[in-house]
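**Student:** give me the fold of what follows.
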Amino acid sequence: MPSIRPLPPALVNQIAAGEVIERPASVVKELVENSLDAGAARVEVEIEEGGVRLIRVRDDGAGIAADELALAVAPHATSKIASFDDLVRVGTMGFRGEALASIASVARFAIVSRPREADSALRLEVDGGQAQPPRPAAHAVGTTVEVRDLFYNVPARRKFLRAERTELAHIDELLKSLALARPEVEFRLSHNGRPLRMLRPAPDASARLQRAADLLGADFAGQCLQIEQQAAGLRLAGWIGLPTATRAQADQQYFFVNGRLVRDRTVAHAVRQAYADVLFHGRHPVYVLFLELDAAQVDVNVHPAKHEVRFREQRLVHDFLFRSLHAAVAGTRAGSAAGVAEPVAAVARDAAAPVLQHGFGAAVREAPLAGYAALPGEPLTIAHAAVNATTRAAATPAASEGELPPLGYALAQLMGIYILAENAHGLVLVDMHAAHERITYERLKQGRATTSLRSQLLLVPQAIAVGARAAAAAEEHADALTAWGLELVRAGPESVSVRRIPALLEGADVAALVRDVLAELAEHGSSRRLEEIENELLATMACHGAVRAGRRLGLAEMNALLREMEVTERSGQCNHGRPTWTQLALADLDRLFLRGR
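**Tutor:** Residues are numbered from 1 along each chain as shown. The predicted model follows:
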């Protein structure tokens, strides 16, 4: 082996650049974050040839003092931290002191800055890591950084850059996330001299939502729920898309921790669980969420580019996110408009009792729930929410009786599949099987929650190899697992013995079930795998119990179904994530028939 020797400073900076500077968007990220840390109210980004030829970031921030300008481009020099305590409680976007030195080592670099108290600015140029003496320049208060010919001296890195359009798309996506995180700041983006984005400051809640709609699509504002939750030193704010406003890709998911955009498995897992039962296969929810917590409770120094964080109380964060979002999603109901999410269901279940006595769902309350009430040796009963064909309630009340309910009143049935109804906005179409399936499913879940869970004792305990972490999780969470009817005993350093399973899951793959549950417990400190599997079985029961296509219904029965939908959680989608209803406003119908044109 060669002898140990210190690396040349230029090579040190280029190694750091390899960690921090992946593409032009990485440069823009570091420079704009510096502008935000400097208190800028306006940030302008000019790009040429996708950022390869030129990146210029101009701000109106605090500026850099003349005697500190050379230090700004020196490695590991920063004004943002001074001690280990500052590193533990990072409150700025940047803090490593590597960015400018790294960028300057792989590009032709120039910085011009003027602090508020100075009469003039200074310009400092760096070419390939070699800094020139600063010289006077004309510049308003603030800072401008120019990065030209990125990777000109590292051709191997330059070969990995994509087409101009692709690199520009990455820069635009980055600025979108920063603009969402800092709505009070004005952002401008131009490419090859052509303006692309101009985002005015958003000082209030309505303006912030409008900025989100400008960046995510005009439909976002009308298809989202506002989130405001606070507990245990955590605060969650922002917007989540309605279950009907999902996307084929996870390209509109923005999660910020203390203002920093991050990608985190704990967060992704909590969101995915919160949207369970309402997402169609392969679809992804849309959200813009901001989590605030004590800076000492999150470690942002675990990734060179600061894309990831580590929560000190991971389980607390996971459970808080899941409960907050789960309650918001559960509160959505067919006919309800987007708005502010409530922490609990907005409509009490008892409010539906008058309707249940005369229509859909009445049988669910009376039928025993499979796996809970049946005694050993008795056949399991599948709950069946049949339509009460003898219902003869009033069909459509007179208009004078009050405002139309959200889904209106039934007009007719189409092909034995769809219900046509009229509400205050126009025409409502309901897939009666999908809607009744959701209603039945939610009743079954409610019955499971209020009925004591019965477990099934295995004649011969089953030993399963699960690994050391999973075996430790089985010991730690033994009480919680027993409450769900799953009794596990640690049988060795990397194995457990299964003695009881929930009766509802009799016949399931016990080994796969146990491994899934323990893997989630080991990773996130909690697991809903048992509940998810039970829900899958209940969903199958609900599907078989729901009214079938081709069944002719009277107006009273159709109206009863509409009223049930309005008070049932998640009733906008069936158990498989398909929509249960849609609205055609009068204006939509007018456009179809060219009225008023």
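
**Student:** for Val412, what are phi and psi?
**Tutor:** Wrong residue type there; residue 412 is Ala, not Val. phi -170, psi 180 (degrees, to the nearest 10).

**Student:** and the residue nearest to His284 when sequence neighbours are not counted, how many neighbours?
**Tutor:** Counting by CB to CB, 6 or more residues apart in numbering, His284 lies nearest to Ala250, which is 4.2 Å off, once chain neighbours are set aside. From N, CA and C alone the C-beta is placed, and that goes for glycine too. Residues lying near Ala250 (other CB atoms under 10 Å) number 14.

**Student:** Ala250 looks like it's in a helix, true?
**Tutor:** No. Membership of Ala250 in a helix is not supported by DSSP: H, G, I helix; E, B strand; the rest coil, which gives coil.

**Student:** tell me how far it lies from Tyr287.
**Tutor:** For Ala250, the distance to Tyr287 equals 10 Å [CB to CB, to the nearest Å].

**Student:** also Asp60?
**Tutor:** Counting by CB to CB - Asp60 and Tyr287 are separated by 31 Å.

**Student:** just Ser571 next, same as before
**Tutor:** For Ser571 relative to Tyr287 (CB to CB), the value is 21 Å.

**Student:** give me the more crowded residue out of those two.
**Tutor:** Neighbour totals were compared for Ser571 and Tyr287, and Ser571 leads with 25 against 22 (other CB under 10 Å).

**Student:** helix, strand, or coil at that one?
**Tutor:** coil.

**Student:** list the residues that contact it.
**Tutor:** 332-334, 435, 438-439, 442, 564-565, 580 (CB atoms under 8 Å, 6 or more residues apart in numbering).

**Student:** next up, the contacts around the nearest residue to Ala118 once chain neighbours are set aside.
**Tutor:** Excluding its sequence neighbours, the residue lying closest to Ala118 (CB to CB, 6+ apart) is Ala66, at 6.7 Å. By CB under 8 Å, 6+ apart, the residues touching Ala66 are 118, 122, 134.

**Student:** show me what the second one is bridged to.
**Tutor:** Listed by DSSP bridges, the beta-bridge partners for Leu122 are Ser113, Pro136.

**Student:** and it, how many neighbours does it have?
**Tutor:** 23.

**Student:** is it true that it touches Gln132?
**Tutor:** No. Checked against CB atoms under 8 Å, the pair Leu122 and Gln132 is beyond contact range at 11.6 Å.

**Student:** any idea how far Val145 is from Leu161?
**Tutor:** For Leu161 relative to Val145 (CB to CB), the value is 20 Å.

**Student:** got it, and Arg490?
**Tutor:** Arg490 is 58 Å from Val145, by CB to CB.

**Student:** neighbour count for those two, which is higher?
**Tutor:** Val145 (25 against 16).

**Student:** for that one, what are its contacts?
**Tutor:** 31, 34, 55-57, 100, 109-112.

**Student:** make JSON lines from those and add distance to Arg500, pLDDT and neighbour count to it.
**Tutor:** Formatted as JSON lines, those follow (distance: CB to CB, whole Å; pLDDT from 0 to 100; neighbours: other CB atoms under 10 Å):
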{"residue": "Leu31", "distance to Arg500": "59", "pLDDT": "94", "neighbour count": "26"}
{"residue": "Asn34", "distance to Arg500": "58", "pLDDT": "91", "neighbour count": "24"}
{"residue": "Ile55", "distance to Arg500": "62", "pLDDT": "97", "neighbour count": "24"}
{"residue": "Arg56", "distance to Arg500": "67", "pLDDT": "98", "neighbour count": "18"}
{"residue": "Val57", "distance to Arg500": "62", "pLDDT": "97", "neighbour count": "24"}
{"residue": "Leu100", "distance to Arg500": "61", "pLDDT": "88", "neighbour count": "25"}
{"residue": "Phe109", "distance to Arg500": "66", "pLDDT": "95", "neighbour count": "25"}
{"residue": "Ala110", "distance to Arg500": "71", "pLDDT": "96", "neighbour count": "20"}
{"residue": "Ile111", "distance to Arg500": "67", "pLDDT": "96", "neighbour count": "25"}
{"residue": "Val112", "distance to Arg500": "72", "pLDDT": "97", "neighbour count": "24"}
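
**Student:** tell me which of those residues fall in strands.
**Tutor:** 55-57, 109-112 (DSSP state E).

**Student:** just give me the neighbour total for Pro406.
**Tutor:** 20.

**Student:** again with Pro502
**Tutor:** Around Pro502 there are 22 residues (other CB under 10 Å).

**Student:** quickly name whichever of the contacts of Ala66 is closest to Ala268.
**Tutor:** Leu122 (45.1 Å; CB to CB).

**Student:** pLDDT at that closest one, what is it?
**Tutor:** We have a pLDDT of 95 for Leu122.

**Student:** likewise Tyr275?
**Tutor:** pLDDT, Tyr275: 91.

**Student:** if I look at the residue nearest to Ala118, how far off is His425?
**Tutor:** 63 Å.

**Student:** circling back: of the ones in strands among the contacts of Val145, which is the nearest to His326?
**Tutor:** The closest of those, once distances to His326 are taken by CB to CB, is Val57, at 40.3 Å.

**Student:** spit out the contact partners of the closest one.
**Tutor:** 28, 31-32, 35, 43-46, 144-145.

**Student:** turn the residues you listed into JSON lines, columns for distance to Ala549.
**Tutor:** Shown next, in JSON lines, are the contacts of Val57 (distance: CB to CB, whole Å):
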{"residue": "Val28", "distance to Ala549": "53"}
{"residue": "Leu31", "distance to Ala549": "58"}
{"residue": "Val32", "distance to Ala549": "54"}
{"residue": "Ser35", "distance to Ala549": "59"}
{"residue": "Val43", "distance to Ala549": "56"}
{"residue": "Glu44", "distance to Ala549": "58"}
{"residue": "Val45", "distance to Ala549": "54"}
{"residue": "Glu46", "distance to Ala549": "58"}
{"residue": "Thr144", "distance to Ala549": "65"}
{"residue": "Val145", "distance to Ala549": "63"}
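
**Student:** among those residues, who's most crowded?
**Tutor:** Ser35 (29 neighbours).

**Student:** verify the stated contact: it with Gly61.
**Tutor:** Yes. With contacts counted by CB under 8 Å, Ser35 reaches Gly61, the gap being 5.5 Å.

**Student:** anything in contact with each of those two?
**Tutor:** Thr143.

**Student:** now Glu475, nearest residue through space, not along the chain?
**Tutor:** Arg490 (5.1 Å).

**Student:** check which helix or strand that neighbour maps to.
**Tutor:** strand 487-492 (DSSP states H and E).

**Student:** what residue ranges in the stretch 301-450 of the chain score low on pLDDT?
**Tutor:** 302-306, 337-402, 448-450 (pLDDT under 70).

**Student:** 90 instead, please
**Tutor:** Scanning the stretch 301-450 of the chain for pLDDT under 90 picks out 301-312, 314-315, 330-404, 416, 437, 440-450.

**Student:** any idea where the strands of it begin and end?
**Tutor:** 310-311, 409-414, 418-422, 426-431 (DSSP state E, counting those that start in this stretch).
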